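In: Predicted model and sequence follow; I will ask about them next.
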Amino acid sequence: MWFMHEIKQLEQLVHYPLHPNLVRYYGCRVRNARITGTLLGRRDELWVYLQAGKTVDKDPFLAALASAVDHLYNAISLVYNDIHPGNIIISPVGVPTLANIGVAYPDREEITQDLAALTQLRTWLDNPVDPWTTTFSRQ
């Protein structure tokens with residue numbers, strides 16, 4: 001069910017203008033009437049990028065993610081709902097991208113939790129730890 005929700009959200013995104021900080025979706029593979037895979041833009045996980053000794057310029061990095069959240073909310077009426085380091089991928093030159101679009105839901109929740117999570121992400125970037133052991137609280 002979750003995977004199907006993710007595909008539906010990705011398929012919805014293709015009907016709107018591309019945003020440079022949302023994952024690129026190129027389609028899915030179907031075999032015997034079942035979805036067996038998706039083709040998404042390739043990027044490194046943020047944690048892997050930082051572990052390789054690379055850094056990000058926090059202000060433009062966070063502004064780019066805020067722009068993606070704003071685009072989802074204002075252009076597509078979706079709230080992302082799960083901003084944390086494990087859901088951010090990054091280009092070789094440090095451009096962040098929100099991945100895991102399946103966590104976005106129609107505008108039934110406030111965008112304020114996304115904005116609070118971006119504030120928590122700013123703090124996390126000062127002292128990054130394994131994102132899969134990090135909890136960002138919903139405020």
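Out: That came through fine.
In: Give me the phi and psi for the closest residue to residue 94 other than its chain neighbours.
Out: Nearest in space to residue 94, with sequence neighbours left out and distances taken as Cβ to Cβ, 6 or more residues apart in numbering, is residue 56 at 5.3 Å. The C-beta positions use only the backbone N, C-alpha and C, and glycine is treated the same way. Backbone torsions for residue 56, taken as degrees, to the nearest 10, come to phi -120, psi 150.
In: so who does the closest residue in space to residue 64 that isn't next to it in sequence touch?
Out: Leaving aside its sequence neighbours, residue 64 sits nearest to residue 21 (Cβ to Cβ, 6+ apart; 4.7 Å). Residue 21 sits next to 64, 65, 67, 68, 71, 95, 96, 97, 98 when contact means Cβ atoms under 8 Å, 6 or more residues apart in numbering.
In: What's the PyMOL line that selects buried ones from the residues you listed?
Out: Selection of buried members from the contacts of residue 21 for PyMOL, criterion 16 or more other Cβ atoms under 10 Å:
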select buried, resi 64+65+68+71+96+97+98
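In: Among the contacts of residue 21, which pair sits farthest apart?
Out: Among these, the pair separated by the greatest distance (Cβ to Cβ) is 71 and 95, at 14.8 Å.
In: For residue 30, see how far away the spatially most central residue of the chain is.
Out: Centroid check for the chain by Cα atoms, centre = their mean gives residue 98 as the closest residue, at 1.9 Å. Distance, residue 98 to residue 30, using Cβ to Cβ, to the nearest Å: 25 Å.
In: can you check residue 104 too?
Out: 23 Å.
In: More neighbours: which of these two?
Out: With neighbours defined as other Cβ atoms under 10 Å, residue 104 and residue 30 compare such that residue 104 has more, 26 against 10.
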